[in-house]
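>>> Structural data only, the sequence is not supplied:
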């Protein structure tokens with residue numbers, strides 16, 4: 001792609017998200033969402049491959065439908081209350097419509113079917129953008145309207161998402177699809193806690209973004225598109241393979257790693273709000289996710305490739321990826337648990 005066009009598209013992507021995050025008027029928020037969607041379409045489609053075209057079409061249709069529903073929701077609210085202010089969303093029908101629209105944009109179950117397909121049809125870099133940056137604008141709108149949203153709907157969708165994310169990832173061999181189901185499960189945890197403790201949702205979102213960024217960077221570093229590709233990562237770099245083990249365990253939420261922090265705090269908060277059954281089901285659903293993370297860990301670090309080379313390390317060019325961001329993100333994604341009291 002032409003460098004000028006690339007810079008314009010990426011700038012539009014960033015600008016769309018920032019407009020949505022900083023707006024208080026529904027129309028401006030909708031414009032931001034539309035800019036964001038239209039900017040990422042050429043990024044997904046640039047591979048000129050039928051699979052990429054299919055992913056682009058699916059993504060566009062879903063996002064367009066969700067944006068239209070956001071507009072319907074805000075119009076209904078303006079009709080009944082006479083205001084376009086985002087924080088004044090009081091009409092119950094508008095609240096339900098908005099929850100559904102933003103859940104569709106994020107990929108929360110049961111509106112999640114597009115996410116694994118779109119991620120699988122994209123390159124690893126594009127999948128990283130969809131799994132991280134594209135979650136910011138809808139999450140900002142959910143955060144702004146959390147005081148009026150229906151807690152029961154969000155708790156139900158969150159619970160379904162964590163179970164679907166765990167269950168769906170069990171049978172996958174493609175790393176991008178596994179990351180998509182991982183994203184669905186993590187978003188389920190965020191949706192569950194959104195109305196009860198919105199600041200905890202923000203903490204969870206920040207840690208999710210950091211851990212997902214690290215995982216995708218490591219996958220790019222070792223060019224691993226399937227689980228089978230991960231088996232040769234030891235011969236590329238033993239250090240990053242060891243880091244991958246720690247990172248996957250952190251994604252699964254095992255102590256004493258960073259990923260344990262949001263799960264621990266969310267379960268504590270759910271119990272404090274007299275929701276022990278929800279907390280128990282969420283904890284059990286985390287075991288499903290743990291299984292497929294453990295499988296990835298086992299394949300990556302505890303087994304060697306069946307066709308081991310004669311020499312110790314694989315012959316390779318210098319990595320194209322700059323490793324500064326990778327190391328920083330990986331360290332923070334695994335070592336932050338001791339500073340939990342400072343964050344809360």
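In hand now; what should we look at? Treat the numbers as computed from the prediction; the structure is a model and nothing was measured.
>>> switch to C-alpha atoms for all contacts and neighbour counts from now on
Fine.
>>> Would you map the helices across the stretch 1-150 of the chain?
Assigned by DSSP state H, counting those that start in this stretch, the helices in the stretch 1-150 of the chain fall at 3-22, 26-45, 50-81, 92-106, 114-121, 124-131, 136-144.
>>> Mind checking the ones you listed for the one nearest to residue 221?
Minimum separation from residue 221 across these (C-alpha to C-alpha) falls at helix 124-131, 10.4 Å.
>>> still on that earlier bit, mind checking which of the helices of the stretch 1-150 of the chain is nearest residue 244?
Going by C-alpha to C-alpha, the one of these nearest residue 244 is helix 124-131, 16.3 Å.
>>> got the angle for the closest one vs helix 92-106?
Per axes from the mean of the first three to the mean of the last three C-alpha atoms, to 10 degrees, the angle that helix 124-131 makes with helix 92-106 is 160 degrees.
>>> In helix 124-131, which residues are buried?
Within helix 124-131, the residues that qualify as buried are 124, 126-131, counting by 16 or more other C-alpha atoms under 10 Å.
>>> quick one: average pLDDT of that helix?
The average pLDDT within helix 124-131 is 94.
>>> next one: stretch 301-308
On average, stretch 301-308 scores 65.
>>> what's the span of stretch 126-141, first residue to last?
23 Å (C-alpha to C-alpha, to the nearest Å).
>>> Would you mark the buried spots in the lowest-mean-pLDDT helix or strand in the chain?
In the chain, no helix or strand scores lower on mean pLDDT, DSSP states H and E than helix 233-236, which sits at a mean of 78. Buried positions in helix 233-236, judged by neighbour count with 16+ other C-alpha under 10 Å: 233-236.
>>> Packing partners of the helix or strand just after it?
Moving toward the C-terminus from helix 233-236, the next helix or strand (DSSP states H and E) is helix 238-252. Other elements packing on helix 238-252 under the criterion 3 or more C-alpha pairs under 8 Å, 6 or more residues apart in numbering; DSSP states H and E are helix 198-221, helix 276-297, helix 323-335.
>>> okay, these, which one's buried deepest?
Highest mean neighbour count of the helices and strands packed on helix 238-252: helix 198-221, a mean of 21 (counted as mean count of other C-alpha atoms under 10 Å).
>>> distance of residue 37 from residue 112?
Taking C-alpha to C-alpha, one finds residue 37 at 17 Å from residue 112.
>>> cool, and residue 126?
For residue 126 relative to residue 112 (C-alpha to C-alpha), the value is 18 Å.
>>> what do you get for residue 129?
With C-alpha to C-alpha as the criterion, residue 129 and residue 112 are 17 Å apart.
>>> Same question for residue 250.
The spacing between residue 250 and residue 112, counted by C-alpha to C-alpha, is 24 Å.
>>> again with residue 187
11 Å.
>>> Which one's more surrounded, those two?
residue 187 (28 against 20; other C-alpha atoms under 10 Å).
>>> Surely that one and residue 108 touch.
Yes - the pair residue 187 and residue 108 qualifies as a contact (C-alpha atoms under 8 Å) at a distance of 6.7 Å.
>>> So for these two, which residues contact both of them?
158, 161 (C-alpha atoms under 8 Å, 6 or more residues apart in numbering).
>>> Tell me who's in contact with the closest residue in space to residue 16 that isn't next to it in sequence.
Counting by C-alpha to C-alpha, 6 or more residues apart in numbering, the nearest residue to residue 16 once its immediate chain neighbours are dropped is residue 32, at 4.1 Å. Residue 32 makes contacts with 15-20, as judged by C-alpha under 8 Å, 6+ apart.
>>> same thing with residue 297?
Per C-alpha under 8 Å, 6+ apart, neighbours of residue 297: 244-245, 248-249.
>>> do the same with residue 273
Per C-alpha under 8 Å, 6+ apart, neighbours of residue 273: residue 196.
>>> That one and residue 197: what is the separation?
Taking C-alpha to C-alpha, one finds residue 273 at 10 Å from residue 197.
>>> try residue 207
Per C-alpha to C-alpha, residue 207 is found 16 Å from residue 197.
>>> Compute the number of surrounding residues for the closest residue to residue 53 other than its chain neighbours.
Spatial nearest neighbour of residue 53, excluding adjacent residues (C-alpha to C-alpha, 6+ apart): residue 45 at 5.5 Å. For residue 45, the neighbour count with other C-alpha under 10 Å is 21.
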